[in-house]
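J.: Mind folding the following:
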Amino acid sequence: MTQTRGLRGATTIDADTTHDILTATQELLEVMAELNGFSPDDLASIFFTVTPDVTATFPARAARQLGWSQVPMMCGREMTSPGGLQRCIRVLVHWNTDKTPSEVRHVYLRGARHLRPDWAGELAPGADEATLPRTAVVADAPPEPALPPAVGDVAPVAFQGEPGAYSQEAIYRFLGADTPSVPSPTFADAFDAVAQGRAQAALMPVENSTTGSIYPVYDLMLAHDLTVQAEVIFRVRHVLMAPAGTALADVREVWSHPQALEQCARWIASHGWSPQPVHDTAGAARQLADAPRPGVAAIASEVAAARYGLTVLARDIQDVAANYTRFVLLTPRPLPALAPTKTSILFATRHVAGDLYSVLAQFAVREINLTRIASRPDRKTPWNYIFYLDLEGPAASPRVQEALAAIGPHVTFLRVLGSFPSFTLE
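T.: Numbering: from 1, shown residues only. A predicted model of the protein is given here:
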């Protein structure tokens, strides 16, 4: 059955000139047409966008010069994105076709190949690699998002880190590779992005299977009125990378986020290298790419290595093979169509002997399994503590409702952070 499919492409230009823009855009359109086998008569529309530093002309003129005169077209200019790709032209082709999403081939040429390193770079069946530009990535359709489409419209999504961070990779895997995201220098900045309306949601790490809780995020969850909508358990695979020409034997110093360095501590020590903490894994990769230093490597994601043009020296270098980070998707509004399996609450007890025991007992007598309990200092009252508790079952279930009502006499306050499903991404 014929449907309208979105076919994506992107390319970059060396200089902001009419000649470069039209030449690069024509090249992109021709490769997209050749690999997918469409003709202009099959197209419903084409939407072009350019980064703010592209001003010389409208790229749609390139399609007109190819003779695509009957296709409706629109051009737009993107907003400035810190750390974004420069001099980039993007294309979204609406194609009337009976092909399935898995048969569609998206095309990224020149420097734009770094935009989608999380997609497989395979040629379409029968395509001749020799006919493609040397720096082309022809991408299969991205993996299906884990979140049901009915509730997937939460973009843009804020995350802590620079483009290429593991958190951004988790967003792509969970919500889809086209999901707009908002890089944020700190966890607090990511929460602020949601509070200020620059993002509709935030994907925040709360725990790692190797190094434990990420307490600053718990503190921010207390300070902000956001709801946990989903739990995402994401397998982290650490990669060692360095500028081109660096060999493993040349490495003397390794940069990365403290958590990543801790997760690879034994591997680093076995080589006698010096670990140097930086603010972010992807930031370490970017800094090293911007200013290469002899003997220095970085630990980050494979996405970051491709984005910043670094050579991968070793993969899966984490000390524990089963290395998972647990993220929570936070939004200011409830999402429909989710089937919750877990509930998260936070509470404080009185300074009365047995109060914490009495709270936990209400779940035990109802055979409600507790999957996590953590405590944080109450910053308003010295020596008082806030408890975070995860339990199995939706908050609306009778057993959980009874337990929450029964703990009332033993707590000074209680807040349900959310009732949500859990997803595991290998």
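
J.: just so I have it, where are all the strands in the stretch 151-300 of the chain?
T.: Taking DSSP state E, counting those that start in this stretch as the test, the strands found in the stretch 151-300 of the chain are 157-160, 181-184, 201-208, 212-213, 227-235, 239-242, 253-256, 274-277, 296-300.

J.: so which of the ones you listed gets nearest M73?
T.: Closest to M73 of those, according to CB to CB: strand 181-184, at 27.2 Å. (C-beta placed from N, C-alpha, C; glycine too.)

J.: just how off-centre is that closest one within its chain?
T.: Taking the mean C-alpha point of strand 181-184 and that of its whole chain, the gap between them comes to 9 Å (CA atoms, centre = their mean, to the nearest Å).

J.: Over to stretch 263-275?
T.: Chain-centre distance of stretch 263-275: 27 Å, with CA atoms, centre = their mean.

J.: about what we covered before: of the strands of the stretch 151-300 of the chain, which approaches A193 most closely?
T.: For the strands of the stretch 151-300 of the chain, distance to A193 was read as CB to CB. The smallest value, 4.0 Å, belongs to strand 157-160.

J.: CA atoms only for stretch 313-327, dumped as PDB, please.
T.: Once non-C-alpha atoms are left out, stretch 313-327 reads as follows in PDB (Å, rounded to 0.1, in the frame of the first residue of the first chain):
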ATOM      1  CA  LEU A 313      41.700   2.300  19.800                       C
ATOM      2  CA  ALA A 314      39.700  -0.100  21.900                       C
ATOM      3  CA  ARG A 315      36.100  -1.000  22.600                       C
ATOM      4  CA  ASP A 316      34.200  -2.400  25.600                       C
ATOM      5  CA  ILE A 317      36.900  -1.400  28.000                       C
ATOM      6  CA  GLN A 318      34.600  -1.100  31.100                       C
ATOM      7  CA  ASP A 319      35.800  -3.300  34.000                       C
ATOM      8  CA  VAL A 320      32.400  -5.000  34.300                       C
ATOM      9  CA  ALA A 321      31.000  -6.200  31.100                       C
ATOM     10  CA  ALA A 322      27.300  -5.800  32.200                       C
ATOM     11  CA  ASN A 323      27.600  -2.100  32.700                       C
ATOM     12  CA  TYR A 324      24.200  -0.400  32.800                       C
ATOM     13  CA  THR A 325      23.000   3.100  33.600                       C
ATOM     14  CA  ARG A 326      19.400   3.600  34.700                       C
ATOM     15  CA  PHE A 327      17.800   6.700  33.300                       C
END
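
J.: Let me see the residues that make contact with it.
T.: Surrounding stretch 313-327, the residues in contact under the criterion CB atoms under 8 Å, 6 or more residues apart in numbering are 166-167, 170, 174, 203-210, 231-242, 246-248, 251, 263-267, 297, 299, 302, 424.

J.: which of those residues count as buried?
T.: 166-167, 170, 174, 203-208, 210, 231-236, 238-242, 246, 251, 263-264, 267, 297, 299, 302 (16 or more other CB atoms under 10 Å).

J.: Check which helix or strand the nearest residue to R350 once chain neighbours are set aside maps to.
T.: By the measure of CB to CB, 6 or more residues apart in numbering, the closest residue to R350 outside its immediate chain neighbours is T412, 5.9 Å from it. Using DSSP states H and E, the secondary-structure element containing T412 is strand 411-420.

J.: Give the pairing partners of whichever helix or strand comes after that strand; include direction for each.
T.: Tracing the chain past strand 411-420, the next element assigned as helix or strand by DSSP H and E is strand 422-425. Applying DSSP bridges to the sheet, strand 422-425 is found paired with strand 227-235 (parallel).
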